[in-house]
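# coordinates for the following, if possible.
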Amino acid sequence: MGSMMTRLVVRLVAAALAGGLACSAAAQSNGKRALAEQTLMRAVLERGAFLACARLDTGKQTAEMLIRGWQIDLTDSETALRVIGYSDDEIAALRSRFDIEKAAPKFADLASLGAYCSVLGDWRTRWQRLLVILPQIELRRLVNP
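Okay, the predicted model is just below:
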């Protein structure tokens, strides 16, 4: 009877430890997901602000480059998102959610946009020197600390 009780206790302890590890892994995964989405949110808001200000330019080239650059950054982020545990469907949903066009603030007139951009500062220099949030790099750091 004592041997049977010992085995039962060992099994219960092993099950509790396995459950604890599974909960810990799930918590880490959820934590990484939250950090990934925060990273994407900060990055798209920053780029959206740049996109809004790029519309002050008479040509469309700057805005088009910002849009293409953001799309490339999202594509480069997908590997890290998969490692964190995102499925292809979830990544597609993130692409839609973090659309730079949706993140770009809209203004009723050019004067309001100009005032906003003056508060933003020299966004062109920040963008050209890559002094911006690069989500793919931050997400890689999250995956490989």
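# from now on I want contacts and neighbour counts done on CA atoms only, so please keep to that.
Will do.
# for stretch 93-102, buried residues please.
Across stretch 93-102, burial judged by 16 or more other CA atoms under 10 Å covers 94-95, 98-100.
# repeat for stretch 77-86
Under 16+ other CA under 10 Å, the buried positions of stretch 77-86 are 77-81, 84, 86.
# columns pLDDT, secondary structure and distance to Phe107 on top of those residues, output as CSV?
Output for the buried residues of stretch 77-86, formatted as CSV (pLDDT from 0 to 100; DSSP: H, G, I helix; E, B strand; the rest coil; distance: CA to CA, whole Å):
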residue, pLDDT, secondary structure, distance to Phe107
Ser77, 95, helix, 30
Glu78, 96, helix, 32
Thr79, 94, helix, 35
Ala80, 95, helix, 35
Leu81, 97, helix, 33
Ile84, 95, helix, 37
Tyr86, 97, coil, 35
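# tell me the one of those residues nearest Ala111?
Distance ranking of the buried residues of stretch 77-86 against Ala111, using CA to CA, places Ser77 first at 35.6 Å.
# wait, the closest one sits on Leu134?
No: at 9.1 Å, Ser77 and Leu134 do not qualify as touching, with contact defined as CA atoms under 8 Å.
# measure Asp76 to Leu66 for me?
Asp76 sits 15 Å away from Leu66, taking CA to CA, to the nearest Å as the criterion.
# good, wrapping up.
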